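S.K.: Following is a predicted model, sequence given first.
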Amino acid sequence: MFSTLRRDPVLRALTGLTLLGCVLFFVFAGRPDCQVKVYWVAQVPLDFALGYGAWRLRRLADAQYRRFWSMIGFAGFSFTAGDVFQSGTVLFAYSGTPSLNGGMVQTVCFAVGMSSNVIACLIFPQGLRTAREKLIFWLDAATVLVGGGAVAWCFAFNPMAGTHVDRLNASVTAALVLVATFSATKVALLKAPPMARIAAWPMVGAAMVQGVSTFLPGDFQSMDHAYVYAIRLMPSLLIAMGPWVQAVILRTGGAPHTVKRRPYSLLPYGMIAVTFVVFFMMLPETASSQLVGATTGVVVITFLVAGRQLVAFHDNMVLIGRLDVAMDELRHRASFDSLTGLANRTHFHEAMAAGGEDGAVMLIDLDDFKTINDTMGHAAGDQLLVIVADRLRAAVREGDMVARLGGDEFAVLLPGCGTAEAGIIAEAILRSLAVSTEIRQHTVLTRASVGVTAARPGDDPSVLLSNADIAMYEAKRRGKGMWVAYSAEMGARISAEAVLIREMNQALETGEFDLFYQPIVRLADERMTGVEALIRWRHPVRGLVSPIEFIPIAERTGQIVAIGRWALREACRQGAAWYARGEPLTVGVNVAGPQLRDPNLVADVATALADSGLPPGLLSIEVTETAVLDDEESHEAMVALRALGVRLALDDFGTAASSLGLLLTCPVTTLKLDRSFVESITTVGRQSAVATAVSQMASALEFSSVAEGIETEEQRDLLRNLGYEYGQGYLYSRPVPPEQIRGTGHPPRPSSAAALAG
């Protein structure tokens, strides 16, 4: 800052002009008429610089400071007008004794300008809010003003050795002292002064130098010395520098005016000390010893009390400092995550709510983080989260906010960032996270799914996070390890799913679900031996809702557990009814992955069997390979179910990645060949080869084999020749209501009943 001020051309010109005047004072030493002319001529440009500089600050300063600078500018122009008149007088029309005191016109202009300065200080808002703050401010200000007035009275109206006799000049000098002390009070006590301290102190110093120089005794009041003129010219330079220094600070983006202050001010105590010094100086030489002793005692006691109070203030400051540290720590804990040091959810919401520009919000969720916690422990998981936090900080731009919202979920606020640029940052994040890291002597590869949404000023933070969350889950749905930008289509789909989720809860309560049954026949004689229970939703408005629409959503939301529990009980009840009629049909019930991981599943099956009276051997639990793949909980559930005596079938067999391994570990009794291998079995050689291999494995492992999706007699004949024992499909029957199932004979043909459901 100081180097910038040194290079400013206006400040250099003002300083150079003052130095030139000082040189001329010494050149014309002994010629007071020339020195006075130089003095008054040099005043004019300095006063004009004050007025013009303050006037320019009206456009540069904040609105709350414009009136202040307008009045300071008016004061500068008033000084200029008076000094121009005085300069013309001493140059062309002055015939009296040379003097540094102005004439009537100059004195009036000076008084007007000084009044403008005083009013500017008086009307400037102190920034004090409470009555207590205002009381403290005005008590301190009054202390300073009273002390300054006492000094002015003592030296101006009752000067030492009777030096001064010009009462008008003495009054002006007293006014200067008061203005100087009041300005010092403003600078020292205000929370937000109209100018920076570095700009304010030259202006304060100007008035103080002017006042003090007027009081200096002896040679300082004589016009026979060049340094007297230099000292009297110096205040004009100092006061003119103030506005220009402030202008430089504003142009260069200097620090704001508000500074950290003590809870008390030392200025009133200093003024008390000055007042006591003046008081001792004013004591008459003939004062009695009693008066001197009493006065000394009063002064000493006052200083002791003031010192004791300052010590108490210091102790309070130490305590306040400790409280500030504690409060800062509490605020930090309330706003930042203790593990990673990132902003927390609350701080992130506040930053989004305060955002005043367009930007983007990014939501990041680590893929398969639960596996790290489960296999390596939570300490390793925490270490990974810290590493991820550091990489996120390094991948984003300066000014972006990274937050940990909880668990393995992070968020990034990207001010002034469009979707395209946010995508570039998302790519950088994904590349950074993909770099392997060593945690507890294990190499860990991290992937993440990232959702991005555009943000505009005024957007609701919860809505933005919800949109980013939708995009993030879309990234997971598409395969993880990628980023996706939110679109209105995603929002519409999620909204529709939300409605569907709510209606599913109601459907279970209002009995809108039905079970249809698709026959399973023995291929050797085409007699029906069992059925597969398939759920249908009869929506009161939409009509029949396909399972493809609601089953995946139910699995994702966990609603499938309650729906599946109802389907299990209803299927067992219906199977028991057939069994009671002498129709022992095996009833297959589909169980999804979330149901297998439900700790109450085995108990639910046992209860359904006991309540319905269905023999366990007539219940077949059908699960997909992916539901039990590498899942210890699901495997334990399968073992427990088999212990109840129920059958276990691997549904859609052949579509998962590790089907053969499951045959050695899962206690299954039946393999159901997926329909995708049946539909082209008569035309595609590879389909036939897979179907043949599955049949041979089932036979070798003594499993029952069922082929799904049989629609033609040619398919049936081929599958029968391949060794499949059972089959189901549209060739025999579509799923039908339970009343259309007629014992263990031939199943209903599609053409035999118009009521067959699709």
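M.R.: That came in fine, so what should we check first? Numbering: from 1, shown residues only.

S.K.: I681: how many residues sit nearby?
M.R.: 25 (other C-beta atoms under 10 Å). C-beta here means a position set from N, CA and C on the backbone, and glycine is covered the same way.

S.K.: So it is in contact with S688, correct?
M.R.: Yes - assessed by C-beta atoms under 8 Å, I681 is found in contact with S688 at 5.3 Å.

S.K.: Now list whatever residues contact both of the two.
M.R.: L718 (C-beta atoms under 8 Å, 6 or more residues apart in numbering).

S.K.: now could you export just the CA positions of stretch 332-350 as CSV?
M.R.: Included here for stretch 332-350 are C-alpha records, laid out as CSV according to Å, rounded to 0.1, in the frame of the first residue of the first chain:
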residue,chain,number,x,y,z
HIS,A,332,-16.4,-24.0,13.4
ARG,A,333,-17.8,-27.2,14.8
ALA,A,334,-21.3,-26.1,13.9
SER,A,335,-20.3,-25.4,10.3
PHE,A,336,-17.6,-27.9,9.4
ASP,A,337,-17.3,-31.7,9.4
SER,A,338,-15.0,-32.9,12.2
LEU,A,339,-13.5,-35.8,10.2
THR,A,340,-12.7,-34.2,6.9
GLY,A,341,-12.7,-30.5,7.7
LEU,A,342,-15.1,-29.8,4.9
ALA,A,343,-18.3,-27.7,5.3
ASN,A,344,-21.2,-29.7,6.7
ARG,A,345,-24.8,-29.9,5.5
THR,A,346,-25.9,-26.8,7.5
HIS,A,347,-23.0,-24.6,6.2
PHE,A,348,-23.6,-25.9,2.7
HIS,A,349,-27.3,-25.0,2.9
GLU,A,350,-26.5,-21.5,4.1
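
S.K.: Give the buried residues for it.
M.R.: F336, D337, T340, L342, A343, N344, R345, H347, F348, H349 (16 or more other C-beta atoms under 10 Å).

S.K.: for the record, mean pLDDT for that stretch?
M.R.: What stretch 332-350 shows for mean pLDDT is 89.

S.K.: any residues touching it, and which ones?
M.R.: For stretch 332-350, using C-beta under 8 Å, 6+ apart, the contacting residues are 351, 382, 385-386, 388-389, 392-393, 401-406, 410-411, 413, 461-462.

S.K.: ditto for stretch 14-30
M.R.: When contacts are defined by C-beta under 8 Å, 6+ apart, stretch 14-30 is touched by residues 34-35, 38-39, 42, 45-46, 49, 224, 226-227, 229-230, 233-234, 236-237, 240-241, 244.

S.K.: Likewise for stretch 380-390?
M.R.: By C-beta under 8 Å, 6+ apart, the residues outside stretch 380-390 that reach it are 339-342, 366, 369, 372-373, 402, 404, 408, 410, 433, 437, 439-440, 442, 444, 446.

S.K.: Could you rerun that using 7 Å?
M.R.: 339-342, 366, 369, 372-373, 404, 408, 433, 437, 439-440, 444, 446 (C-beta atoms under 7 Å, 6 or more residues apart in numbering).

S.K.: same deal with stretch 508-520?
M.R.: Against stretch 508-520 from outside (C-beta under 7 Å, 6+ apart): 507, 528-540, 562-563, 566-567, 570-571, 574, 706, 726, 728, 732-738, 741, 747, 757.

S.K.: Report the buried members of those.
M.R.: So, by 16+ other C-beta under 10 Å, the buried ones in the contacts of stretch 508-520 are 507, 528-537, 562-563, 567, 570-571, 574, 706, 726, 728, 732-736, 738, 741, 747.

S.K.: Which ones among the residues you listed map onto helices?
M.R.: A507, A562, I563, A567, E570, A571, Q574 (DSSP state H).

S.K.: returning to what we had before: quick check: strands, which of the contacts of stretch 508-520 are part of them?
M.R.: Residues from the contacts of stretch 508-520 lying in strands, with DSSP state E as the criterion: 528-539, 706, 726.

S.K.: Format those as a markdown table; extra columns: pLDDT.
M.R.: Output for the ones in strands among the contacts of stretch 508-520, formatted as a markdown table (pLDDT from 0 to 100):
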| residue | pLDDT |
| --- | --- |
| M528 | 94 |
| T529 | 93 |
| G530 | 94 |
| V531 | 95 |
| E532 | 96 |
| A533 | 95 |
| L534 | 94 |
| I535 | 94 |
| R536 | 93 |
| W537 | 93 |
| R538 | 92 |
| H539 | 91 |
| V706 | 94 |
| Y726 | 95 |
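
S.K.: so W483 makes contact with R447?
M.R.: No - between W483 and R447 there is no contact under C-beta atoms under 7 Å: 11.5 Å.

S.K.: The two: which is more packed in?
M.R.: W483 (23 against 14).

S.K.: how far away is the more buried one from R7?
M.R.: Distance, W483 to R7, by C-beta to C-beta, to the nearest Å: 49 Å.

S.K.: Whichever strand or helix holds A426 - contacts with which helices or strands?
M.R.: Assigned by DSSP states H and E, A426 falls within helix 419-434. For helix 419-434, the packing partners by 3 or more C-beta pairs under 7 Å, 6 or more residues apart in numbering; DSSP states H and E come out as strand 359-366, helix 378-395, strand 448-455, strand 483-485.

S.K.: Who are the packing partners of the shortest one?
M.R.: The criterion is 3+ C-beta pairs under 7 Å, 6+ apart, and the helices and strands that strand 483-485 contacts are helix 419-434, strand 448-455, helix 461-477.
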